[in-house]
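>>> show me how the following folds:
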Amino acid sequence: MSPVETAVLARIDLERIVADTSTLIRARGENPGETEAATVEVLATLCERAGAQVTLTEVAPGRHNLLAQIGDGDGPALLFLGHSDVVPAGAGWLGDPFEPRLVDGQLIGRGAVDMKGGLAAVIAAMSAVHAQRPDVRLSLLCTVDEEDTATGALRYIADAPTARELRSVGDPLPYSACIVAEPTGLDTVVACRGATNFIITLRGAAAHAGNPADGASAVAAAAIAVQTIEDDARRISRQAAAVPGLIGTGSWNVGMIAGGHGTSIVAEECTLYVDRRVLPDEEPQEILDDVLARIRSAIEQSGMLNAERITVTGQLDMAMPGFLTPPESAVPGTAVRAVADAGGASSIGGWSAACEGGFIARHHEIPVVILGPGDVKSQAHQPEERVQVGDLLTAARAYALIALRLDESPR
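Model (predicted):
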């Protein structure tokens with residue numbers, strides 16, 4: 001490592017990261033159910049302490065996106081991306097989920113791993129880099145509502161000019177790359193599926209259950225719709241993996257069904273709430289149009305009573321795109337080496353979960369990787385959520401090294 005890198009890493013203090021993570025955990029921010037206001041207030045204080053300029057954008061009452069910017073050099077900034085909300089704590093905890101506990105080198109509390117530990121590590125890295133290299137431009141975008149309907153990310157991309165718009169008027173691009181500080185076990189994730197929510201509504205005709213021929217059952221039609229979706233799930237599961245070894249195929253899940261008014265009434269309406277995991281090159285509206293056509297055709301051919309009286313409509317409730325950054329490109333390689341030099345180990349891989357990195361990849365047309373402390377599968381969204389404090393330190397050091405090295409490497 002260079003003398004500057006060594007000096008930067010010496011400024012990163014583990015006790016400070018643990019203390020900041022603990023303060024963020026205490027700020028709660030369950031979603032749905034609460035707002036992120038207290039968490040954003042803490043984040044703003046921490047970022048300003050690091051020397052950053054903080055801008056808050058209201059997304060809804062009590063819910064603000066935070067953008068922290070630091071560095072006075074020329075050229076685009078490295079963007080770190082995170083979210084301020086956490087999933088509801090739920091039951092099964094051995095103590096107060098919002099009073100952090102340090103046990104056997106692990107910090108326990110809701111949000112420890114997803115993703116307040118990652119945020120504290122980012123802020124520590126930004127502070128350390130700025131102290132030694134005030135010219136290096138770094139930004140942290142922290143959105144609200146990532147755990148539900150991504151209204152924070154949607155507000156951000158609605159306000160920020162796209163890369164195409166900036167190029168069309170000759171303006172510089174604001175960012176060179178994006179690091180999403182979600183928990184990956186410090187692996188460098190270059191491929192991520194997106195998450196799309198559809199609401200599919202089937203409408204028929206109500207009638208007395210004693211005379212079902214007078215009506216058309218939306219619940220019966222919904223059963224056909226569910227089977228059609230399951231058939232399509234099997235179809236796409238047989239397709240070749242989009243990026244072998246990184247991400248597989250798309251997937252379907254019917255998560256909720258609501259319909260009917262009583263057992264003695266032929267159901268007039270039934271609604272399906274459906275999750276579809278999408279590949280980076282898939283378009284949600286095209287997927288919705290296709291599945292609606294399949295459902296309509298299946299109902300017509302089913303032989304169900306009064307099938308011709310059934311209507312099927314659908315709407316796109318939420319669309320979080322996926323992304324793919326070429327594994328051989330500069331940013332993933334820089335990240336892997338930075339983790340190693342920070343005292344950890346990182347390999348390039350894909351991610352089964354979804355994140356908001358796809359919004360950034362599409363909007364700003366920049367390389368995106370996910371890299372953060374803790375494991376999303378075994379530690380996030382669970383009772384006794386925890387993160388190894390040693391991983392917080394490694395993450396902060398790696399973020400700092402990535403910032404320094406991407407600033408000096410060709411883009």
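
>>> make it CA atoms for all contacts and neighbour counts henceforth
Will do.

>>> grab the nearest non-local neighbour of residue 118.
Nearest-residue entry for residue 118: residue 181, 5.3 Å, with adjacent residues in sequence omitted and distances by CA to CA, 6 or more residues apart in numbering.

>>> residues in contact with that neighbour?
With contacts defined as CA atoms under 8 Å, 6 or more residues apart in numbering, residue 181 is in contact with 80-82, 115, 118-119, 122, 370-373.

>>> domain assignment for the chain?
Each domain of the chain is listed here as a residue range: 3-193+322-408, 194-320, per automatic domain parsing.

>>> quick one: low-confidence parts of this protein?
Residues of the chain that meet the criterion pLDDT under 70 lie in 242-243, 408-411.

>>> ok, the residue most central in space within the chain - contacts?
Computing the C-alpha centroid of the chain and ranking residues by CA atoms, centre = their mean puts residue 355 first, at 1.9 Å. Contact criterion CA under 8 Å, 6+ apart gives 146, 192, 194, 320, 322 as the residues in contact with residue 355.

>>> looking at those residues, which two lie furthest apart in space?
Among the contacts of residue 355, the pair separated by the greatest distance (CA to CA) is 146 and 192, at 15.4 Å.

>>> circling back: separation between the residue nearest to the centre of the chain and residue 148?
When distances are taken as CA to CA, to the nearest Å, residue 355 and residue 148 turn out to be 11 Å apart.

>>> what about residue 231, distance to residue 174?
Between residue 231 and residue 174 the computed distance is 44 Å (CA to CA).

>>> residue 56 now?
Residue 56 sits 18 Å away from residue 174, going by CA to CA.

>>> so the two - more neighbours on which side?
Taking neighbours as other CA atoms under 10 Å, residue 56 and residue 174 compare with residue 174 leading, 18 against 15.

>>> who's in contact with the residue nearest to the more buried one when sequence neighbours are not counted?
Distance criterion CA to CA, 6+ apart; nearest residue to residue 174, sequence neighbours excluded, is residue 76 at 4.9 Å. Applying CA under 8 Å, 6+ apart, we find residue 76 in contact with 137, 172-176.

>>> quick check: residue 76 vs residue 323, distance?
Between residue 76 and residue 323 the distance is 21 Å, computed by CA to CA.

>>> can you check residue 169 too?
As judged by CA to CA, residue 169 and residue 323 stand 26 Å apart.

>>> who has more neighbours out of the two?
When neighbours are counted by other CA under 10 Å, residue 323 comes out ahead of the other of residue 169 and residue 323, with 27 against 8.

>>> beta partners for the more buried one?
residue 192 (DSSP bridges).

>>> what distance do you get for it to residue 252?
With CA to CA as the criterion, residue 323 and residue 252 are 19 Å apart.

>>> check residue 140 too.
Where residue 252 is concerned, residue 140 sits at a distance of 33 Å (CA to CA).

>>> for residue 224, helix, strand, or coil?
Local secondary structure at residue 224 is given as helix here, using DSSP: H, G, I helix; E, B strand; the rest coil.

>>> contacting residues around it?
Listed by CA under 8 Å, 6+ apart, the contact partners of residue 224 are 295, 298-299, 302.

>>> and with 7 Å instead?
Neighbour list for residue 224: 298-299 [criterion: CA atoms under 7 Å, 6 or more residues apart in numbering].

>>> for residue 143, what are its contacts?
65-66, 82-84, 152-153.

>>> typo on my end, residue 342
Under the criterion of CA under 7 Å, 6+ apart, the contact list for residue 342 reads 394, 397-398.

>>> which helix or strand contains residue 179?
According to DSSP states H and E, residue 179 maps onto strand 175-180.

>>> what about residue 41, which SS state?
Three-state call for residue 41 (three-state DSSP): helix.

>>> how far away is it from residue 107?
With distances defined as CA to CA, the gap from residue 41 to residue 107 amounts to 22 Å.

>>> who has more neighbours out of those two?
Using other CA under 10 Å, the more surrounded residue of residue 41 and residue 107 is residue 107, with 23 against 15.

>>> after the helix or strand harbouring that one, which helix or strand is next?
Mapping residue 107 onto the secondary structure by DSSP H and E places it in strand 106-108. With elements assigned by DSSP H and E, the helix or strand that comes after strand 106-108 is helix 117-132.

>>> how far does the helix or strand following that following helix sit from its chain's centre?
Towards the C-terminus, the helix or strand next in line after helix 117-132, according to DSSP H and E, is strand 138-143. The chain centre lies 14 Å from the centre of strand 138-143; the measure is CA atoms, centre = their mean, to the nearest Å.

>>> try stretch 79-91
9 Å.

>>> can I get that stretch in CSV, CA atoms only?
Presented in CSV, the C-alpha positions along stretch 79-91 are these (Å, rounded to 0.1, in the frame of the first residue of the first chain):
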residue,chain,number,x,y,z
LEU,A,79,-21.2,7.1,-5.0
PHE,A,80,-22.0,4.9,-1.9
LEU,A,81,-25.7,3.8,-1.7
GLY,A,82,-27.7,2.7,1.3
HIS,A,83,-31.1,2.9,2.9
SER,A,84,-32.2,4.2,6.3
ASP,A,85,-35.2,1.9,7.0
VAL,A,86,-35.2,-1.5,8.6
VAL,A,87,-37.7,-4.3,8.5
PRO,A,88,-40.0,-4.7,11.6
ALA,A,89,-38.3,-6.3,14.5
GLY,A,90,-40.9,-9.0,15.1
ALA,A,91,-40.7,-11.6,17.9
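
>>> circling back to that earlier point, look at residue 140 and residue 252 and report which has more neighbours.
Using other CA under 10 Å, the more surrounded residue of residue 140 and residue 252 is residue 140, with 26 against 20.

>>> isn't the more buried one right up against residue 68?
Yes. Taking CA atoms under 7 Å as the contact criterion, residue 140 and residue 68 are neighbours in contact, 5.0 Å apart.

>>> circling back to that earlier point, direction included, what does the strand holding residue 107 pair against?
Here strand 106-108 is paired, per DSSP bridges, with strand 101-103 (antiparallel), strand 386-388 (antiparallel).

>>> any chance of those in JSON lines, with distance to residue 8 too?
Supplementary listing: these in JSON lines, determined by distance: least, CA to CA, whole Å:
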{"stretch": "strand 101-103", "distance to residue 8": "27"}
{"stretch": "strand 386-388", "distance to residue 8": "22"}
